[in-house]
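Visitor: what shape does this take:
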Amino acid sequence: MEFFDVIEKRRSVRNFKPGDVPESDVENILETGRAAPSGANMQDREFIVIRDRDTIAKLNQIQPGFDNGPVVIAVVMSTAATRWGSFWVEDCAACVENMLLAATALGYGSVWIEGTLLKKEQWAKKLLGVPDDRRLYVLLPVGHPAEAGKQAPRRTLDEMVHYEQYGGQNPKS
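Guide: Next up is the predicted model:
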């Protein structure tokens, strides 16, 4: 799949068909997360690959609806870089977006689960054995989409882009 097609095709998927995600595909998705940029080259992310059905069912308490996925990738972040600021949040975002795009390119669906996770982070950290000095920041269920995701309406570039200063019009229009 071409890069711009992947961007256009990516959707949030919360319902998956039965079937596995081969380890080689999981490794490819993880590799794109590993390769994401990192402030001060901290490389402050780690991953937990979860295939155990009982664990996935328990994680479904965080946000119902994804427990039929064959694999969940937990993104764990070190916040050690906070002495220089909170760029670990941006590092995580770059990592997760790479992984979502990789999943799409490989024909899978996924969804970024963060907000509901943060409300139950301590519980989930205990379930997954995440050390106290780390953040369990994102869960990514991955699998074959059960249905085609719908694209939410998007604003046009004309509604979003300013030239030279805020409110500036395109000189070519």
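
Visitor: so residue 35 makes contact with residue 97?
Guide: No - Residue 35 is beyond contact range of residue 97, at 11.9 Å (criterion: C-beta atoms under 8 Å). (Each C-beta comes from the backbone N, C-alpha and C, glycine too.)

Visitor: out of those two, which sits in the more crowded spot?
Guide: Between residue 35 and residue 97, counted using other C-beta atoms under 10 Å, the more crowded position is residue 97 (15 against 12).

Visitor: name the helices or strands packed onto the strand with the most length in the chain?
Guide: With secondary structure taken from DSSP state E, the chain has its longest strand at strand 134-143. Under the contact definition 3 or more C-beta pairs under 8 Å, 6 or more residues apart in numbering; DSSP states H and E, strand 134-143 sits against strand 71-78, helix 87-105, strand 109-110, helix 115-119, helix 121-128.

Visitor: which other residues reach the helix or strand following it?
Guide: Going down the chain from strand 134-143, the next helix or strand is helix 157-160, by DSSP states H and E. For helix 157-160, contacts defined as C-beta atoms under 8 Å, 6 or more residues apart in numbering pick out residue 170.

Visitor: ditto for stretch 29-44
Guide: 45, 47, 49, 73, 75, 77-81, 84-85, 87-88, 90-91, 94-99, 101-103, 106, 108, 142.

Visitor: check stretch 114-122 too.
Guide: Against stretch 114-122 from outside (C-beta under 8 Å, 6+ apart): 61, 62, 63, 124, 135, 136, 137, 138, 139.

Visitor: between the two ends of that stretch, how far is it?
Guide: 13 Å (C-alpha to C-alpha, to the nearest Å).

Visitor: what's the mean pLDDT across it?
Guide: On average, the pLDDT along stretch 114-122 is 91.

Visitor: report the buried residues of it.
Guide: Judged by neighbour count using 16 or more other C-beta atoms under 10 Å, the buried positions of stretch 114-122 are 114, 117.

Visitor: equivalent analysis for stretch 47-63, please.
Guide: Those would be 47, 50, 56, 58, 59, 60, 62, 63, for stretch 47-63 by 16+ other C-beta under 10 Å.

Visitor: give me the three-state assignment for the fourth one.
Guide: Of the three states, residue 58 takes helix according to DSSP: H, G, I helix; E, B strand; the rest coil.
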